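K.L.:
Generate coordinates for the sequence data below:
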Amino acid sequence: MKSKMITSQKLAAWFATGILFLVVTIPASARGNPPVGAGPPAIRDARLEEQRRQVKEARLRSAEMDAGEEAENQKHIAAAIAHMKDDFTRIQVAAQ
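P.N.:
Numbering: from 1, shown residues only. Below is the predicted model:
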């Protein structure tokens, strides 16, 4: 019985064969999809699109309302800081 040894030449040949197989089959499988625009048009649901538009508009409106609240909060914070500075000044004057 002959000894079956894997030589580096056989290993390189099998590796090259595997690479060649992948190079040939991968582009062929990618071509299996129809080109863009081929086939029937996409189903368009007018109600779904309208609902999405309304949700998007509602988000934008609420974002505008939040911006006004943020400005109001900043005014309150500025007033509180000014009041604390006045209190601190009074405390310093009273302590002397």
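K.L.:
For the rest of this, base every contact and every neighbour count on C-alpha atoms.
P.N.:
Noted.
K.L.:
what are the ranges of the helices in this protein?
P.N.:
Taking DSSP state H to define them, one finds helices in the chain at 8-30, 46-95.
K.L.:
Figure out which of these is closest to residue 38.
P.N.:
Ranking the helices of the chain by proximity to residue 38 (Cα to Cα) places helix 8-30 first, at 15.7 Å.
K.L.:
Mind giving me the packing neighbours of the closest one?
P.N.:
On a contact count with 3 or more Cα pairs under 8 Å, 6 or more residues apart in numbering; DSSP states H and E, helix 8-30 meets no helix or strand.
K.L.:
hmm, back to that, make CSV from the helices of the chain and add mean neighbour count, distance to residue 36 and mean pLDDT to it.
P.N.:
Shown next, in CSV, are the helices of the chain (neighbours: other Cα atoms under 10 Å; distance: least, Cα to Cα, whole Å; pLDDT from 0 to 100):
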stretch, mean neighbour count, distance to residue 36, mean pLDDT
helix 8-30, 11, 13, 82
helix 46-95, 11, 23, 86
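K.L.:
Geometric centre of the protein: which residue is closest?
P.N.:
The C-alpha lying nearest the average C-alpha coordinate of the chain belongs to residue 56 (Cα atoms, centre = their mean; 17.5 Å).
K.L.:
Now for it: which residues touch it?
P.N.:
Neighbour list for residue 56: empty [criterion: Cα atoms under 8 Å, 6 or more residues apart in numbering].
K.L.:
Check the gap between it and residue 46 for me.
P.N.:
15 Å (Cα to Cα, to the nearest Å).
K.L.:
do the same with residue 79
P.N.:
Counting by Cα to Cα - residue 79 and residue 46 are separated by 50 Å.
K.L.:
How about residue 54?
P.N.:
Relative to residue 46, and taking Cα to Cα, residue 54 is found at 12 Å.
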